[in-house]
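**Student:** Fold the following for me, if possible:
(2 chains)
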Amino acid sequence: MPINIDLKALSQLPDSKGHFGPYGGRFVSETLMAALQQLEETYEKLWRDPAFQEEFDRDLAHYVGRPSPLYHAQHLSDKVGGAQIYLKREDLNHTGAHKINNTIGQALLAKFTGKPRVIAETGAGQHGVATATVAARLGLECQVYMGAEDVQRQSLNVYRMKLLGAEVIAVESGTRTLKDAMNEAMRDWVTNVDDTFYIIGTAAGPHPYPKLVRDFQCVIGREARQQCLDQIGRLPDALVACVGGGSNAIGLFHPFIEDADVKMFGVEAGGYGIETGQHAAPLSAGSPGILHGNRTYLMSDDAGQIIGTHSVSAGLDYPGVGPEHSYLKDTGRAVYVDATDDEAMDAFRALTRIEGIMPAIESSHAVAYAMKLAKEMDKDQTIVVNLSGRGDKDIHTVAQIDGINI
Amino acid sequence: MSRISTSFEKLKMEGRKALIPYITAGDPAPNVTVDLLHGLVAAGADIIELGVPFSDPMADGPVIQLACERALQHNTRLLDVLAMVAEFRTKDALTPIVLMGYLNPIEILGYERFADEAEKAGVDGVLTVDLPPEESDDFNRIMRAHGIDTIYLIAPTTEDERIKYICENGSGYLYYVSVKGVTGSASLNVQAVADKLAHIRKYTDIPLGVGFGIKDAESAKAVSVVADGVIVGSVLVNKIADLVKDHGQIAPQVSAIIKDMRTAMDS
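**Tutor:** Next up, the predicted model:
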């Protein structure tokens, strides 16, 4: 792998202004600057505070159910023929996805800063559910912004959020998906900044969000690294994770950045195929720009307008990506590829039938690429796939594709 | 001296305050905008903020979001907006034009090319909502080299250290956002604004404009007593929205709102 940069320095980013090389930063309107500065100070103080760490670790252990297993998918590996595929089972977490690692952390920040109200944006609804869950537990008022199109395709999660006491606000503006939900959450925050904590669901947005979300999600990679050493006696040869905003991927990748021999593959949503333009793959087919508070790879047209995206998975249907991934791409430390809707659905069915594990359609993108990659590798090599969420929420979507009405 | 500074100097000598209307370029159609600009000037506008349509206007309320959508239906691009300014300049060499919008269209065009084309078109200032001074070293340097003022926001939440920092980076005027929220939201509290402006004046001599929450001649008048400039947007854009099927009425009716404000402010 052609890496000419200092990996230790790379792993210590962002700098004090929240920059990962040319990416990241804080591009928001003035009203939010004070809140972000305050959040940064609070976070830096608490993250180093043993009492905070202890509470965070305790919640991850006893509320989320960590550590999540690292499962050797032997049947799938045999069937594919090639490298051994291991699944990092984030799907077994409380609420069914990796998202809860981050919402536990941010809700603790909300608690320590004394804000009585939390808001969130959500795509597939997993982050919304994870936010509603921690809000219920801590007695915080909770409103979740969700694109109107996603409200339809993820109706199960919408009802889960309501049961948890959250209000779900369907966003009708723009493309009615995740990016518009994030716009609306930002508008809410700028209006109610005094009493509201914005729990961003992915490792994107203005500094310090990309950093703190990553730090909360790094538990995935730290566990996986140790589990590899324990179970196979060495580090894996490759990591594979799906990338929408990129929080599950950065959580897996980051603790391995300095392990130069461990290859990293982020899998974006190829939609109907990159060549059709109907996809959600800014790292594969976009260019750097500014959206939602950070400089990062985006899907925008040559006039700088954000382009509508397409993916079968609501959680990956986003035109931007976390800034750290942009820099990992430019430095060559991670490689970004894509899996189409069809490839993801094939992988969904394969994992379900071969291992009895039903992955989220988001995570199915990672499984799809891992199956491809494994074929090109030796039997004694190892791939760790982040199985970031479970597929229960997607049953309606899958049934619809099958032409079945349930 | 820039056209913006000249304009404020002249007003100061006359004992008047600047009236600064905002409209979104290309709303509801590109061929409406230049006539509307001239109409606003004739009605008493001193400076005009011309919005550059963006697909994701995060700091704006529904009124200006919809204006952006209408303009983008006609694919009004940043370069098209600059062409409108150039056309406006053929008949008006005096009234300053400030482009207001979001960074991505400028980022994609490139700072150098943007500054070059904007200077040629006759743009006087640029206010980029999602570009705080912390991220704007290159931007400021390049805009200044082309004689373009960089206008920054100050919010009710901005603390003293940052006020000082923003004042050091801004030129032309400073835009005080009178309420926490998006454009077109709550009404402002004039006394609170007056207190904050007095505080900001400890740090700078740059003229202070006030926007957000100015809805009619009465509130324009009240703000003009304490500020150097009164910025009004959503109420104009709302009127445009009412007239999307009657383009001929847009310039006269929107200008009439400005005329009322002018009269109230000068009385």
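
**Student:** where exactly do the strands run in the stretch 251-400 of chain A?
**Tutor:** A:263-271, A:287-291, A:293-298, A:335-340, A:382-387 (DSSP state E, counting those that start in this stretch).

**Student:** Now do the helices in chain B.
**Tutor:** When secondary structure is read from DSSP state H, chain B shows helices at B:3-14, B:30-42, B:62-73, B:78-89, B:103-109, B:111-121, B:137-145, B:160-169, B:190-201, B:217-226, B:234-242, B:250-266.

**Student:** Nearest residue to the residue in the stretch 51-200 of chain B that chain A sits nearest to in space, please, no chain neighbours.
**Tutor:** In the stretch 51-200 of chain B, no residue comes nearer to chain A than B:Pro105, which is 3.3 Å away by Cβ to the nearest Cβ. (Glycine included, C-beta is placed from N, CA and C.) If the residues on either side of it in the chain are set aside, B:Pro105 comes closest to A:Gly304, at 3.3 Å by Cβ to Cβ, 6 or more residues apart in numbering or on different chains.

**Student:** Quick check: residues of chain A near chain B?
**Tutor:** Near chain B, the residues belonging to chain A are A:17, A:25-35, A:173-174, A:179-180, A:183, A:186-187, A:190-194, A:287-293, A:295, A:298, A:300, A:302-306 when assessed by Cβ under 8 Å from any Cβ of the partner chain.

**Student:** Only whichever of the residues you listed are buried, select them in ChimeraX.
**Tutor:** Listed next is the ChimeraX selection for buried residues among the residues of chain A next to chain B, using 16 or more other Cβ atoms under 10 Å in any protein chain shown:
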select /A:25,26,27,28,29,30,31,32,33,34,35,173,174,179,180,183,186,187,190,191,192,193,288,289,290,291,292,293,295,298,300,303,304,305,306
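
**Student:** Now go through the residues of chain A next to chain B and say which are in helices.
**Tutor:** When the residues of chain A next to chain B are checked against helices (DSSP H), the matches are A:Met33, A:Ala34, A:Ala35, A:Lys179, A:Asp180, A:Asn183, A:Met186, A:Arg187, A:Val190, A:Thr191.

**Student:** Report pLDDT for A:Gln154.
**Tutor:** Model confidence at A:Gln154, given as pLDDT, is 86.

**Student:** pLDDT at whichever residue of chain A sits closest to chain B, what is it?
**Tutor:** For chain A, the nearest residue to chain B under the criterion Cβ to the nearest Cβ is A:Gly304, separated by 3.3 Å. In the predicted model, A:Gly304 carries a pLDDT score of 97.

**Student:** OK, contacts around it?
**Tutor:** Residues touching A:Gly304, when contacts are defined by Cβ atoms under 8 Å, 6 or more residues apart in numbering or on different chains, comprise A:Gly289, B:Phe54, B:Leu78, B:Asn104, B:Pro105, B:Ile106, B:Glu107, B:Ile108, B:Leu109.

**Student:** mind redoing it with 7 Å?
**Tutor:** Shown in contact with A:Gly304 (Cβ atoms under 7 Å, 6 or more residues apart in numbering or on different chains): A:Gly289, B:Leu78, B:Asn104, B:Pro105, B:Glu107, B:Ile108, B:Leu109.

**Student:** surely the last one meets B:Arg77?
**Tutor:** What that stands for is B:Leu109. No: judged on Cβ atoms under 7 Å, B:Leu109 makes no contact with B:Arg77 at a distance of 9.1 Å.

**Student:** What about the closest residue to A:Gly96 other than its chain neighbours, how many residues nearby?
**Tutor:** In space, not counting the residues next to it along the chain, A:Gly96 is nearest to A:Arg390; the distance is 4.5 Å by Cβ to Cβ, 6+ apart. For A:Arg390, the number of neighbouring residues by other Cβ atoms under 10 Å in any protein chain shown comes to 21.

**Student:** Would you check that A:Arg390 makes contact with A:Ala360?
**Tutor:** Yes: using Cβ under 7 Å, A:Arg390 is in contact with A:Ala360, at 5.9 Å.

**Student:** Show me whatever sits in contact with both of the two.
**Tutor:** Counting by Cβ under 7 Å, 6+ apart, the shared contacts of A:Arg390 and A:Ala360 are A:Asp91.

**Student:** who are the neighbours in contact with the residue lying closest to B:Pro252 once chain neighbours are set aside?
**Tutor:** Sequence neighbours aside, B:Gly39 is the residue nearest to B:Pro252 in space, at 6.8 Å (criterion: Cβ to Cβ, 6+ apart). Going by Cβ under 7 Å, 6+ apart, B:Gly39 touches B:Ala251, B:Pro252, B:Val254, B:Ser255.
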